[in-house]
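> model the structure of this input:
(one chain, ligands or ions: 1)
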Amino acid sequence: MRTIKALVYDSKSYTQEAFENTEHDGIEFTYVDTKLNKHTVKLAKDYDTIVTFVNDDLGEEVIEKLIDQGKKAVFLRCSGYNNVDLKKAKGKIDFYRVPNYSPYAIGEFTFALLLTSMRRTHKAYNRTREFNFSLEGFVGIDLQGKTIGVIGTGRIGRVVIDIANGFKMNVLAYDPYQKEKNGPIKYVSLNELIKKSDIITLHCPLTKKTEHMIDKKAIDKMKKGVVIINTSRGGLIDSKALLKGIESRKVSSACLDVYEEEADIFYEDRSNHILNDETLRDLISMPNVIVTSHQAFLTKEALNNIAMTTISNIRRYFSGDPDEDNHTL
Ligand code: NAI
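Numbering: from 1, shown residues only. Model prediction:
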């Protein structure tokens, strides 16, 4: 079989390392750090296929151009596919993804953010580096006994629940598609979860239904002092409403690994630029908000699994035996 030529968009050193260290005979990868969009799609012209990531634009215009180039399949090296206009692509381009590369990477990172925020370790680290050994302002809370509301109990949500149980927290869960009766997970309505939780963590996909599920109305119903964590997709939270909730002191802390307008900002060094996004600027400036740059997936294990599954998806597709489990139908 001839060599398959694949262009990898939005590639960073860690992406290339993982792909190159994984056996990929028969596939030649070319790596570019540019994101896919209507301007950069032309780079893909001479390739058999492309490999994309979470912030690549696979909207209507880009899909049209990929169809014009004769592309038949695109390989997402991520699990979420909210960035793909599947309606436009239907019957013309197939998308294969990596549904399960390491729920532990994201579940564990969720608690890294929560513990950092609650125990102020990021501030303590900076203080002691300047020989400031004061503990003023560092009073935290025990997680033991607190109620954590987990929205979405798929692969990642379940890891989060296991970890929360280890901390002896009370877990409430909401998932419209996974209500096990008499199981170990206590499912409640979204309304009850929102009203009763001290900490709310999001682990459901971004869809038309879930977009802005955390809005002003939801925040108004929450407990005073609620902590909100989002390691799923930025669009689940109305960021302006969250900012208002923080300003009014209703929300005591927010941990955000994702942001609804992250696509042109995250994964790049913007330290010499003035950020045009006022909401993100305000959120980052708050002492009780931690923003990370869509980092939860970034472990060695996850990167290796992403590379392995993507390579297998490409091989199987081009040898006429596509992996239907990884097909985004
Ligand atoms: P999954 O498909 O295993 O689980 C998602 C769960 O959400 C399912 O149980 C589903 O029934 C539930 N769900 C669907 N609609 C819902 C709704 N309206 N309300 C509550 N629950 C709903 O997916 P997995 O692997 O657990 O990933 C969850 C999300 O995490 C992904 O959609 C992705 O957006 C995000 N993610 C973020 C990463 C990061 O680096 N920050 C990395 C990987 C995934």
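> and the residue nearest in space to the middle of the chain, which of the three is it?
The centre of the chain sits closest to residue 232, judged by CA atoms, centre = their mean, with a distance of 4.1 Å. Three-state call for residue 232 (DSSP: H, G, I helix; E, B strand; the rest coil): coil.
> next one: residue 316
helix.
> with adjacent residues omitted, what lies nearest to it?
The shortest distance from residue 316 to any non-neighbouring residue, by CB to CB, 6 or more residues apart in numbering, is to residue 323 (5.0 Å). For every residue, glycine as well, the C-beta is placed using N, CA and C.
> and if you look at residue 194?
Distance criterion CB to CB, 6+ apart; nearest residue to residue 194, sequence neighbours excluded, is residue 221 at 5.1 Å.
> same thing with residue 103?
residue 155 (3.9 Å).
> contacting residues around stretch 32-45?
7-12, 50, 52, 55-58, 61-62, 65-66, 69, 71, 263 (CB atoms under 8 Å, 6 or more residues apart in numbering).
> around the ligand, pick out the residues from the stretch 101-250 of the chain.
103, 106, 151-157, 174-178, 203-206, 209-210, 231-233 (CB under 6 Å from any ligand atom).
> buried set for stretch 217-228?
218, 219, 222, 223, 226, 227, 228 (16 or more other CB atoms under 10 Å).
> please apply the same query to stretch 172-186.
For stretch 172-186, using 16+ other CB under 10 Å, the buried residues are 172, 173, 174, 175, 185.
> again with stretch 258-275
Buried residues in stretch 258-275, counting neighbours by 16+ other CB under 10 Å, are found at 258, 259, 260, 262, 263, 265, 266, 267.
> ok, now how distant is the last one from the ligand?
It stands for residue 267. 11 Å (CB to the nearest ligand atom, to the nearest Å).
> need the contact list for that residue.
10, 12, 55, 293, 294.
> with the third one instead?
For residue 260, the set of contacting residues under the criterion of CB under 8 Å, 6+ apart consists of 234, 235, 237, 238, 239.
> ok, those vs residue 283, which is closest?
Closest to residue 283 out of the contacts of residue 260 is residue 239 (6.8 Å), distances taken as CB to CB.
> got the buried residues for the lowest-mean-pLDDT helix or strand in the chain?
Every helix and strand in the chain was compared by mean pLDDT, DSSP states H and E; the lowest is helix 86-89, with a mean of 95. Across helix 86-89, burial judged by 16+ other CB under 10 Å covers 88, 89.
> what about the residue in the chain that the ligand sits nearest to, neighbour count?
For the chain and the ligand, the shortest gap (CB to the nearest ligand atom) falls at residue 154, measuring 1.7 Å. Neighbourhood size, residue 154 [other CB atoms under 10 Å]: 17.
> give me the nearest residue to it, chain neighbours excluded.
residue 203 (6.7 Å).
> cool, residue 293 as well?
Among residues not flanking residue 293 along the chain, residue 266 sits closest, at 4.5 Å (CB to CB, 6+ apart).
> what about that neighbour, is that helix, strand or coil?
coil.
> for it, give me the pLDDT.
At residue 266, the predicted lDDT confidence score is 94.
> cool, and residue 320?
What the model reports for residue 320 is a pLDDT of 96.
> kindly report the same for residue 181.
The model's pLDDT for residue 181 equals 73.
> that one and residue 281, how far apart?
Distance of residue 181 to residue 281, given as CB to CB, to the nearest Å: 46 Å.
> rewinding a little: now, the most widely separated pair of the contacts of residue 267?
Largest separation among these by CB to CB: 10 and 293, giving 12.7 Å.
> now residue 279: phi and psi?
phi -60, psi -40 (degrees, to the nearest 10).
> do the same with residue 198
Dihedral angles (degrees, to the nearest 10) for residue 198: phi -80, psi -30.
> after the least confident helix or strand of the chain comes which helix or strand?
strand 94-96 (DSSP states H and E).
> what's that next one packed up against?
Packing partners of strand 94-96 (3 or more CB pairs under 8 Å, 6 or more residues apart in numbering; DSSP states H and E): strand 73-76, helix 300-318.
> can you tell me what sits against whichever helix or strand comes after it?
Sequence order places helix 103-119 as the next helix or strand after strand 94-96, per DSSP H and E. For helix 103-119, the external contacting residues (CB under 8 Å, 6+ apart) are 121-122, 138, 140-141, 143, 155-156, 158-160, 162-163, 199, 201, 203, 227, 229, 231, 253, 255, 257, 288, 290, 292, 295-299, 301-302.
> helices - which of those residues land there?
Residues of the contacts of helix 103-119 located in helices (DSSP state H): 121, 122, 155, 156, 158, 159, 160, 162, 163, 301, 302.
> so which of the residues you listed comes closest to residue 31?
Here the nearest of the ones in helices among the contacts of helix 103-119 to residue 31, counting by CB to CB, is residue 302; it sits at 18.2 Å.
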